[in-house]
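> need coordinates for the below:
(chains A and B)
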Amino acid sequence: MSKTRKLTFISLLVAQALVLHVIERAIPVPFITPGAKLGLANLVTVIALYTFGFKETFAIVVLRIIMAALLGGSLSSFLYSIAGGILSFFVMFVVMQLGEENVSAIGVSVAGAVFHNIGQVLVASMIVQNIRIVSYLPVLMVAGLGTGIFIGLTARYLITYVKKLISYGIN
Amino acid sequence: MKRFDIVIIILVVIIALGSLGVLAIRPQGNYSRKYVEIYSENRLYRKIPFDKTTTERVVVKSNLGFNIIDISNAKVRIIDADCPDKICIKDGAISKPGDMLVCLPNKVVVEIKGESNSENDALSF
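Residues are numbered from 1 along each chain as shown, chains lettered A, B, ... in the order given. Prediction:
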């Protein structure tokens, strides 16, 4: 893939992640537990992991979080996002190394969702200096399981088409 | 669904339900005294003895914003706040030692703590 083409795809994915982020913010949180959300932007991270490599996906995650913060958000919400985002990205990358025959986008995205929650809860407990905030984690994990499966299923459908699109681009 | 998808999902379920179980059966103990501790910006703001008859309304104000905490009918709840998400209000009422209400944007933590009679300060878990 040429450099320009790659840059264009990366920018497209960042833009899509931002749109998903904005849409998600407009959806009222259906859960009572703080921090529970759909994690729609994670869909883009999963797709990027399957279509690009480590470096590009990392760039997409960091760019998305910085730009989302610029679109409206406080310093602390940026800290939650960056901790959750980077932790979940690393975990998803590691889980992917199990091999495509062993794990699908569903497992990758569930692991990502759960570790996103773990990262956020850790930052939250650091901010208010109270480790007992982690008692929110079990409920968040169950929520993350649900949203992770949903995002994973969606990603699985999309990845087939995105891959076709990209290989079409090369030829 | 592949092999490790199922392993990951089962692991998450086991860890989540296991820790929920541990939290549910945490020892309630016989506390002779209970307190409501209110923290604002990581500092203890008020410590209020808490029993069935406690009726108090506390306004926590800081540079970050305000939270109004209502203690009545052996329950503690946050009834108003200027934080954007109002999660602390939606969290509802707490009543047992170890329970907590958190407002992250305003850095307010409300905790119920128990203290038993023994000299070495007991804690709530």
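> up against chain A, what does chain B have?
Proximity of chain B to chain A, by CB under 8 Å from any CB of the partner chain, involves residues B:1-9, B:12-13, B:15-17, B:19-20, B:23, B:39, B:42, B:85, B:87, B:90-92, B:98, B:100, B:102, B:104-105, B:107, B:109, B:111. From N, CA and C alone the C-beta is placed, and that goes for glycine too.
> buried among these? Need that as a selection in PyMOL.
Typed into PyMOL, the next command selects the buried ones out of the residues of chain B next to chain A (criterion: 16 or more other CB atoms under 10 Å in any protein chain shown):
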select buried, chain B and resi 2+4+5+8+9+12+16+19+20+39+85+87+91+98+100+102+104+105+107+109+111
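> just the ones in strands from the residues of chain B next to chain A, please.
With DSSP state E as the criterion, strands contain B:Tyr39, B:Met100, B:Val102, B:Val109, B:Glu111 from among the residues of chain B next to chain A.
> are we agreed that A:Gly72 is in a strand?
No. A:Gly72: not assigned to a strand; according to DSSP: H, G, I helix; E, B strand; the rest coil it is coil.
> before we move on, back to that, quick one: which of the ones in strands among the residues of chain B next to chain A is nearest chain A?
When those are ranked by distance to chain A (CB to the nearest CB), B:Val109 comes first, at 5.3 Å.
> give me the distance between the closest residue to the closest one other than its chain neighbours and A:Asn130.
Leaving aside its chain neighbours, B:Val109 sits nearest to B:Tyr39 (4.3 Å; criterion: CB to CB, 6 or more residues apart in numbering or on different chains). Applying CB to CB, to the nearest Å, the value for B:Tyr39 to A:Asn130 is 7 Å.
> dihedrals phi and psi, the most centrally placed residue in chain A?
Most central in chain A under CA atoms, centre = their mean is A:Asn42, positioned 2.6 Å from the mean C-alpha point. As for A:Asn42, its main-chain torsions (degrees, to the nearest 10) stand at phi -60, psi -20.
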